[in-house]
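Undergrad: Just the structure for this:
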Amino acid sequence: PVAVAALVALSFSGAIGLTFLMLGCALEYYGVYWPLFVLIFYFICPIPHFIAKRVSDDSDAASSACRELAYFFTTGIVVSAFGFPIILARVEAIKWGACGLVLAGNAVIFLTILGFFLVFGRGDDFSWEQW
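TA: Numbers count the residues shown, from 1 in each chain. Below you'll find the model as predicted:
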């Protein structure tokens, strides 16, 4: 029951984040779909974590260099996802209102991804691998 409630909450927050992203693109006043390239950052964000989890051994309770490198790459991806719409707005490819909506969507989506790993990444009774 707890896992199902967490999954429903995470899917709802993901839908809210994608709604902000779509509003930043599809509203008639904005009408430019360049911010959709942020989706690439959403997909590649968890990849360094998956690689580090696969490569590093679980016997090391302290932080490993591989895990730290994965955190570094993930941070770079997240910062790039926030910087991309700002650069698009700065060069006037999109309007600043669309930039604000995309940044709000980024915040919600990345908090959703973080919540997913906090809830399902522990490997306790339930894990994300069961889904």
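Undergrad: Double-check residue 19 against residue 105; I have them as touching.
TA: Yes - the criterion here is Cβ atoms under 8 Å, and residue 19 meets it with residue 105 at 7.4 Å. C-betas here are computed from N, CA, C, even on glycine.
Undergrad: neighbour count winner among the two?
TA: A side-by-side neighbour count of residue 19 and residue 105, using other Cβ atoms under 10 Å, places residue 105 first with 25 against 14.
Undergrad: Which helix or strand contains that one?
TA: Residue 105 is part of helix 96-120, with elements assigned from DSSP states H and E.
Undergrad: And for residue 76?
TA: With DSSP H and E as criterion, residue 76 is part of helix 65-90.
Undergrad: residues making contact with the helix holding residue 105?
TA: Defining contact as Cβ atoms under 8 Å, 6 or more residues apart in numbering, one finds that helix 96-120 is touched by 3, 6, 9-10, 13-14, 16-21, 23-25, 27, 29-30, 32, 35, 38, 42, 45-46, 49, 78, 81-82, 85-86, 88-89, 94, 126-128, 131.
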